[in-house]
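A.B. asks: 3D model of this:
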Amino acid sequence: MTEEVKTYEADDPNNPNNLVVLGSDGDPVPHPGGTKMIEKESIERVIEGLKMAEDACQHLAKGETVKASIWLDIAQVLAKMRRDAVALAGAGLAMSQEELHQVRGEAYSWVKARRRFLDGIKQATGGMRQLATCFRGDWNWSFMAQQLERHEQKFKRLLLPENRLQPDAQRARRIMAMPSPKLILPAGFGRAR
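C.D. replies: Just a heads-up that it's a prediction; the model follows:
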């Protein structure tokens, strides 16, 4: 015996709050402020996030001569993870499997490269979680997300302020506390405060 499911329009005053509002196609009506993400977009989020983090590693390696080999090794780990993700997705994304090129020209600043690295890791992990829970229910995506999160904790240790390229907090406070030099202006001009 099947129960009859009654659907309501979104603006129907008889709609109780605990029912899902269905559209004319039978699918739930999305929240007006929300966005709908399809599986392909989650796969792209994973791949682009890993590319972003790998590219940031290349820039960090160019900017930090002391830890350059470590950042290049991390870039290789991320490249392998990206190739594994493309293979697991099975979407025929041959372009996403190619190697990234070396950095040309000036490297990003340490702060920008760090931000891009962490954002890339965050995007990739989020995409993996979406694929694991929302679309595929595949344990492999969840495992990859956990693995990337463990790597992220190790990678963050390299981004601590002990690095000479980033000014430490005490030095920054001292510089900010220094009095600004007095300006000598021509007669009739005043300094804005």
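A.B. asks: burial check on Ala68, number of neighbours?
C.D. replies: 14 (other CB atoms under 10 Å). To be clear about C-beta, it is placed using only N, CA and C from the backbone, and glycine gets the same treatment.
A.B. asks: ok, for it, nearest residue in space, not its chain neighbours?
C.D. replies: Of all residues not flanking Ala68 in the chain, Ala61 sits nearest, at 4.3 Å (CB to CB, 6 or more residues apart in numbering).
A.B. asks: who touches the one you found in this structure?
C.D. replies: The contact partners of Ala61, taken as CB atoms under 8 Å, 6 or more residues apart in numbering, are 67-69, 71-72, 75, 103.
A.B. asks: what's stretch 119-138 in contact with?
C.D. replies: Contacts for stretch 119-138 (CB under 8 Å, 6+ apart): 37, 39, 42-56, 81, 85, 88-89, 139, 141-142, 144-145, 148-149, 152, 155.
A.B. asks: which parts of the protein are helices?
C.D. replies: 39-63, 68-89, 110-130, 139-158, 169-177 (DSSP state H).
A.B. asks: output the below-cut-off pLDDT ranges for the chain.
C.D. replies: 1-21, 26, 28, 31-37, 91-105, 136, 160-176, 178-193 (pLDDT under 70).
A.B. asks: now for Ser109: which residues touch it?
C.D. replies: With the criterion set at CB under 8 Å, 6+ apart, Ser109 makes contact with Gly63.
A.B. asks: burial count for Glu64?
C.D. replies: Glu64 has 18 neighbouring residues, counting by other CB under 10 Å.
A.B. asks: wait, it touches Trp71, no?
C.D. replies: Yes. The pair Glu64 / Trp71 is scored as a contact, 6.7 Å apart, by CB atoms under 8 Å.
A.B. asks: ok, the residue nearest to Ser69 when sequence neighbours are not counted to Ala113 distance?
C.D. replies: Spatial nearest neighbour of Ser69, chain neighbours left out: Ala61 (7.7 Å); criterion: CB to CB, 6+ apart. The gap separating Ala61 from Ala113 is 9 Å, by CB to CB, to the nearest Å.
A.B. asks: can you check Asp138 too?
C.D. replies: Counting by CB to CB, the separation of Asp138 from Ala113 is 32 Å.
A.B. asks: the two: which is more packed in?
C.D. replies: Under the criterion of other CB under 10 Å, the comparison of Asp138 against Ala113 puts Ala113 first, with 25 against 14.
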